[in-house]
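> I would like the atomic coordinates for the input below:
(chains A and B)
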2 protein chains.
Amino acid sequence: MIIDRLFDSVNKNGHVCLGLDTDFTYLPEEFSKKFVNIEDAIFGFNKKIIDSTFDVVSCYKVQIAYYEAYGLKGLLAYKRTLEYLREKKAVIIADIKRGDIAKTAEMYAKAHFEGDFESDFVTLNPYMGLDGIEPYMPYLEKKEKGIFILLRTSNKGAYDIQYIKTERGSTVYDEVGEKIYDLGKKVIGNSGYSSIGAVVGCTHVEEGIEIRNKFKNMFFLIPGYGAQGGTAKEVSLYLREGNGGVVNSSRGILLAYKKIENGAKIFDQCAREAAIDMRDAIRKSLEA
Amino acid sequence: MIIDRLFDSVNKNGHVCLGLDTDFTYLPEEFSKKFVNIEDAIFGFNKKIIDSTFDVVSCYKVQIAYYEAYGLKGLLAYKRTLEYLREKKAVIIADIKRGDIAKTAEMYAKAHFEGDFESDFVTLNPYMGLDGIEPYMPYLEKKEKGIFILLRTSNKGAYDIQYIKTERGSTVYDEVGEKIYDLGKKVIGNSGYSSIGAVVGCTHVEEGIEIRNKFKNMFFLIPGYGAQGGTAKEVSLYLREGNGGVVNSSRGILLAYKKIENGAKIFDQCAREAAIDMRDAIRKSLEA
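Residues are numbered from 1 along each chain as shown, chains lettered A, B, ... in the order given. Prediction:
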């Protein structure tokens, strides 16, 4: 199962999930000016980043919004990025956060698990309910695909819905978690983790311990590191025996070149070093 | 404001929102075989449907999932459909149900309110919280755009999250509604309705009356008619003084041709008749 591939990749390369949230403005000017088309420039940048990091990260998360924003050209860069990642045998998480039901959900599953935009995992939004997850299940059961469902995020607005206190004395996110966890039992891999994982922000220490203990075989996609305030120490609370989660960083790695003089010329090398630093910081906090 | 354009369109052409959820398999074979490319066939079908219905529907809802499922070719058909709708001066709702935060939400706003995929309204998912709505606000305030936020849907899975009972003795959807309603007060048009509307399924009669009374200047995008069990009578409970909502129908109109012998040859005419029947059924139930 794909979740076992991701589990093995974490053991081998560490916990970093490199977010390819590639805005055109992130590209060093002297790099982007070599290209005639925006799609070539964005793909060219991603390719250099992938080439310099694939042995020090566990997976790549490609945020489709950044590509959609450039219309068809952006989505061509998206397609080519996914193709290149497959060629490199990297584990791909398509951060699409789609959420719909019935035939529409079937169409989204087809869109992102087959054809031009094929990836290994997609992120999904649970608001419409679990019948919106059903159309993905055949892909999880037969085609080596996986999903991460939004559970509890680390932005301020998380309090608007996810933290609403429920009649049962729980929270919305906790009740969502229970439902996802039950569904996930159908697709557990050899690693002991389910192909239905969850997106869980890495801030809020106490909840982290609680969520980790409650949902033992749920694999976490963990945003919020760095820019959003999460530290390696906090991240470690969301992991279990050194695995069970990947930690996303996007700008912290893609834009690492901006932190050093003349970094633009070696942006790929800077990205590699930032990824290694992050990987080692997380490993170290796990040993502590 | 765009919401006023939609309000006027309802007064003029009725409540039908025609859903262009165009799966390639919906096309009559004798029509689709005239085209070499899938993108030409899908756009060609949409064009015929639009040409035959634009004076009897208030707006069009284009479900992006159906186009994403065909990858770049599908999205080319999506782009051309939106362009054609703009040419016809039709009000366009892009049913994208995106939901993200910060810069990612900015990128989605850019993607669907500018450039290749520009539309008038987009549907959004609130699960991550209202900070995910903020990046759309400048477009609502300055650029004549609008949004519909998922509130309460009519699928079975709606009970999984939307109906969770809260500590306050309310439901999640109701608390979400209150938050959206407050935000919507910033962008109220001459019609008295806000450019922040909500997606509210048309089943569940009692709740319909309650939601309508509680959120007076919220415009509703109402799915669930026909195939999902909603009737014209139920729909009328979600309207106010004959306006305040549009009612989506997709397959009921696109596939109307399958109900009559040799309908395939006149699929566009069949769609027109189905749209007129639906428009008149809703008008009649409002008069009753």
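> Which element, helix or strand, includes residue A:75?
helix A:71-87 (DSSP states H and E).
> What residues sit buried inside stretch A:159-171?
Neighbour-count burial for stretch A:159-171 flags A:160-164, A:166, A:171 (criterion: 16 or more other C-beta atoms under 10 Å in any protein chain shown). The C-beta positions use only the backbone N, C-alpha and C, and glycine is treated the same way.
> distance from the centroid: which residue in chain A tops it?
Counting by C-alpha atoms, centre = their mean, the extreme residue of chain A relative to its mean C-alpha position is residue A:167, 32.1 Å from that point.
> who's the residue nearest in space to the middle of chain A bridged to?
Residue closest to the average C-alpha location in chain A (C-alpha atoms, centre = their mean): residue A:61, at 4.3 Å. Beta bridges link residue A:61 to residue A:19, residue A:93 when assigned by DSSP bridges.
> mind checking how far it is from residue A:171?
Relative to residue A:171, residue A:61 is positioned 26 Å away (C-beta to C-beta, to the nearest Å).
> One more: residue A:288?
Taken as C-beta to C-beta, the span from residue A:288 to residue A:171 is 30 Å.
> Residue A:141 too?
If you go by C-beta to C-beta, the gap between residue A:141 and residue A:171 works out to 30 Å.
> Residue A:249 now?
The span separating residue A:249 from residue A:171 equals 27 Å under the rule C-beta to C-beta.
> same deal with residue A:162?
Going from residue A:162 to residue A:171 by C-beta to C-beta gives 7 Å.
> Tell me the residues of the stretch 151-288 of chain A that contact chain B?
By C-beta under 8 Å from any C-beta of the partner chain, the residues of the stretch 151-288 of chain A that approach chain B are A:153, A:155-162, A:164-169, A:172, A:175-176, A:179.
> Make sure residue A:181 is actually in contact with residue A:218.
Yes: counting by C-beta atoms under 8 Å, residue A:181 does reach residue A:218; the two are 6.0 Å apart.
> ok, the two, which is more surrounded?
Here residue A:181 and residue A:218 are set side by side on neighbour count (other C-beta atoms under 10 Å in any protein chain shown), and the busier one is residue A:218, at 24 against 18.
> Quick check, pLDDT for that one.
Note on residue A:218: pLDDT of 98.
> In contact with it, which residues?
Neighbouring residues of residue A:218 by C-beta atoms under 8 Å, 6 or more residues apart in numbering or on different chains: A:177, A:180-181, A:184, A:193-194, A:196-198, A:244.
> helix, strand or coil for it?
The local conformation at residue A:218, judged by DSSP: H, G, I helix; E, B strand; the rest coil, is coil.
> Now it. Nearest residue, chain neighbours left out?
Excluding its sequence neighbours, the residue lying closest to residue A:218 (C-beta to C-beta, 6 or more residues apart in numbering or on different chains) is residue A:198, at 5.5 Å.
> tell me the contacts of residue A:267?
When the contact criterion is C-beta under 8 Å, 6+ apart, the partners of residue A:267 are A:28, A:31, A:45, A:48-49, A:256-257.
> got TSV for those residues, with neighbour count too?
Supplementary listing: these in TSV, determined by neighbours: other C-beta atoms under 10 Å in any protein chain shown:
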residue	neighbour count
A:28	16
A:31	17
A:45	25
A:48	16
A:49	24
A:256	22
A:257	22
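> Name the nearest of these relative to chain B.
The shortest gap between chain B and any of those belongs to residue A:45, at 16.1 Å (C-beta to the nearest C-beta).
> In whichever strand or helix holds the closest one, which of the residues would be classed as buried?
The secondary structure element spanning residue A:45 is helix A:38-53 (assigned by DSSP H and E). Buried positions in helix A:38-53, judged by neighbour count with 16+ other C-beta under 10 Å: A:38-50, A:52-53.
> Which of those sits closest to residue B:278?
Sorting those by how near they are to residue B:278, with C-beta to C-beta, puts residue A:39 at the top with 41.8 Å.
> surely that closest one meets residue A:78?
No: the pair formed by residue A:39 and residue A:78 falls short of the contact definition of C-beta under 8 Å, at 9.0 Å.
> ok, which stretches of chain A are strands?
Assigned strands in chain A, in chain order: A:16-19, A:59-63, A:92-98, A:121-124, A:146-152, A:196-200, A:220-222, A:245-249 (criterion: DSSP state E).
> does any part of the fourth one sit near chain B?
No: looking at strand A:121-124 against chain B by C-beta under 8 Å from any C-beta, there are no contacts, and the closest approach is 9.6 Å.
> and residue A:55, what does it touch?
residue A:13.
> how many other residues sit next to whichever residue of the stretch 151-288 of chain A sits closest to chain B?
With distances taken as C-beta to the nearest C-beta, the stretch 151-288 of chain A approaches chain B most closely at residue A:157, which sits 2.1 Å away. Counted by other C-beta under 10 Å, the residues lying close to residue A:157 total 21.
> Skipping adjacent residues, who's closest to it in space?
Spatial nearest neighbour of residue A:157, excluding adjacent residues (C-beta to C-beta, 6+ apart): residue B:129 at 2.1 Å.
> wait, the one you found sits on residue A:152?
No: contact between residue B:129 and residue A:152 fails when scored by C-beta under 8 Å: they sit 11.0 Å apart.
> By mean pLDDT, point me to the weakest helix or strand of chain A.
helix A:205-214 (a mean of 88; mean pLDDT, DSSP states H and E).
> contacts for that one?
The list of residues contacting helix A:205-214 from outside it, by C-beta under 8 Å, 6+ apart, reads A:151-152, A:174, A:177, A:181, A:200, A:202, A:234, A:237-240, A:244.
> Pull the longest helix seen in chain A out as PDB, backbone CA atoms only.
Assignment by DSSP state H gives helix A:267-287 as the longest helix of chain A. Output for helix A:267-287, consisting of C-alpha atoms alone and laid out as PDB, is shown next (Å, rounded to 0.1, in the frame of the first residue of the first chain):
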ATOM      1  CA  PHE A 267      18.900  28.200  -4.900                       C
ATOM      2  CA  ASP A 268      18.700  24.500  -5.300                       C
ATOM      3  CA  GLN A 269      21.700  23.900  -3.100                       C
ATOM      4  CA  CYS A 270      20.200  26.300  -0.500                       C
ATOM      5  CA  ALA A 271      16.900  24.300  -0.600                       C
ATOM      6  CA  ARG A 272      18.800  21.100   0.000                       C
ATOM      7  CA  GLU A 273      20.600  22.500   3.000                       C
ATOM      8  CA  ALA A 274      17.400  23.900   4.500                       C
ATOM      9  CA  ALA A 275      15.700  20.500   4.000                       C
ATOM     10  CA  ILE A 276      18.600  18.700   5.700                       C
ATOM     11  CA  ASP A 277      18.600  21.200   8.600                       C
ATOM     12  CA  MET A 278      14.900  20.600   9.100                       C
ATOM     13  CA  ARG A 279      15.200  16.800   8.800                       C
ATOM     14  CA  ASP A 280      18.000  16.800  11.300                       C
ATOM     15  CA  ALA A 281      16.200  19.100  13.700                       C
ATOM     16  CA  ILE A 282      13.200  16.800  13.800                       C
ATOM     17  CA  ARG A 283      15.300  13.700  14.200                       C
ATOM     18  CA  LYS A 284      17.200  15.300  17.000                       C
ATOM     19  CA  SER A 285      14.000  16.300  18.800                       C
ATOM     20  CA  LEU A 286      12.800  12.700  18.600                       C
ATOM     21  CA  GLU A 287      16.000  11.500  20.200                       C
END
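> what about that helix, average pLDDT?
97.
> count of residues packed around the residue of the stretch 1-150 of chain A found nearest chain B?
Proximity of the stretch 1-150 of chain A to chain B (C-beta to the nearest C-beta) peaks at residue A:129, 2.0 Å away. The number of residues packed near residue A:129 is 22, by other C-beta under 10 Å.
> so how far is residue A:104 from it?
According to C-beta to C-beta, residue A:129 and residue A:104 sit 13 Å apart.
> Name the residues of stretch A:107-116 that come out as buried.
Judged by neighbour count using 16+ other C-beta under 10 Å, the buried positions of stretch A:107-116 are A:107-113, A:115-116.
> I misspoke; the intended subject was stretch A:179-193.
A:179-181, A:183-184, A:187-189, A:191-193.
> This completes my enquiry, with thanks.
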